[in-house]
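A.B. asks: Let's see this in three dimensions:
(one chain, ligands or ions: 3)
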Amino acid sequence: MAMDIEAARRTPPKEVVVRVRRYDPETKKTWWQEFKVEARRGMTVLDALLKIKEEQDHTLVLRYSCRQGICGSCGMVINGTPRLACQTQLAEVASEARPVITVEPLYNFPVIRDLVTNFTEFFNKHRSVKPYLIRKDKEEQENPKGQYDMFPDEYYQIYQYSSCVYCGLCYAACPVVAADPQFLGPQALMYALRFVNDVRDEAWGERLIMVDTEHGCHRCHFAASCSAVCPKAVDPAGAIQALRSKVFKYRLHLFKRRVSKVIGPPPEKGERVPLPPEATLLPGVDLKKLEQEPVVIQLPPE
Ligand code: SF4
Ligand code: SF4
Ligand code: FES
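C.D. replies: Ligands and ions are numbered 1, 2, ... in the order given. Sure thing, here's the model as predicted:
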């Protein structure tokens, strides 16, 4: 779900009622608690919760860090939809007609306390698809002598997936995870595709077999609720469809892709790097202009 920039310009209702679903692990009690917050323009749901914690109830527990949609740790369910609290303007979810918002911990995750959930299973699933480069040239990986080459169109195959911030919103929105807790889920499956697509990696066979299971990519119903809530426009639902097609190609021995080669050492500071002749460019990139003005690598001063 993209951030609503326009909402930051709107003024929220003067006073917003924040209904928080709380949980106490000692007594195992769950209850709804209401807080009234004096709202101002530009205030996010995270700001409102921190104001509550500071001024009304310091026992309220929540997780956050960057406050700018980067760390992925402030995921919670706001008015029934998984969102990043720091990227959700109060003006987006509350109005004069309905100055009330509800805040709950992420669905499909065990709750630790109040709005804090346990990500262990989510990260176990993420790890199970081996989210790192696996090469046959182990010696080069351990003692690199150069760089692995990658053309812009090849980078384009992974960059969208590399934007994932592991916030778990997609996982919380997935009805199949709710019904089948063993389902790998949108994030892990999307990440399997990210490495299957990465020309620097050579373990696509291993990963395609790994996801070709009862609880793997075939379990997805393609409801796309995961993609609808992703704050980074990663589109895990689309990734799972692409992964499925690669799984079938692999089964039929039709899956093929290039493996990157080791090229010379990294460029020196200020060195001009000509574009490789076989490079296919990203949409909107002017090849002629780039050829006239080769890319200059700018390294920070030492
Ligand atoms: S598209 Fe698949 S992974 Fe995404 S929410 Fe639907 S069932 Fe879950
Ligand atoms: S795919 Fe999107 S919603 Fe899912 S964990 Fe990554 S950033 Fe969050
Ligand atoms: S606090 Fe980091 S994403 Fe919200």
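A.B. asks: Please list the residues of this protein that sit near ligand 2.
C.D. replies: Within the chain, the positions near ligand 2 by Cβ under 6 Å from any ligand atom are 72, 164-170, 186-187, 190, 230-232, 234, 236. For the C-beta atoms, the positions are set from N, CA and C on the backbone; glycine is no exception.
A.B. asks: and the residue of the stretch 201-302 of the chain nearest ligand 3?
C.D. replies: residue 231 (7.8 Å; Cβ to the nearest ligand atom).
A.B. asks: list the contacts for that residue?
C.D. replies: In this structure, residue 231 makes contact with 1, 2, 3, 69, 83, 84, 87, 165, 167, 169, judged by Cβ atoms under 8 Å, 6 or more residues apart in numbering.
A.B. asks: With adjacent residues omitted, what lies nearest to the last one?
C.D. replies: The shortest distance from residue 169 to any residue other than its chain neighbours is 4.0 Å, reached at residue 82 (Cβ to Cβ, 6 or more residues apart in numbering).
A.B. asks: Tell me the secondary structure of the one you found, please.
C.D. replies: Here residue 82 is recorded as strand under DSSP: H, G, I helix; E, B strand; the rest coil.
A.B. asks: Might one say that it is in contact with residue 174?
C.D. replies: No: taking contacts as Cβ atoms under 8 Å, residue 82 lies outside contact range of residue 174: 9.8 Å.
A.B. asks: Number of residues surrounding the residue nearest to residue 169?
C.D. replies: 27 (other Cβ atoms under 10 Å).
A.B. asks: Enumerate every residue touching it.
C.D. replies: Residue 82 makes contact with 75, 76, 106, 107, 168, 169, 170, 172, 173, 229 under the criterion Cβ under 8 Å, 6+ apart.
A.B. asks: pLDDT score for it?
C.D. replies: For residue 82, the pLDDT comes out at 98.
A.B. asks: after the longest helix anywhere in the chain, next one along is what?
C.D. replies: Longest helix in the chain, counting residues (DSSP state H): helix 236-251. Using DSSP states H and E, the helix or strand that follows helix 236-251 in sequence is strand 262-263.
A.B. asks: Nearest spatial neighbour of the residue of the stretch 201-302 of the chain closest to ligand 3, chain-adjacent residues omitted?
C.D. replies: residue 84 (5.1 Å).
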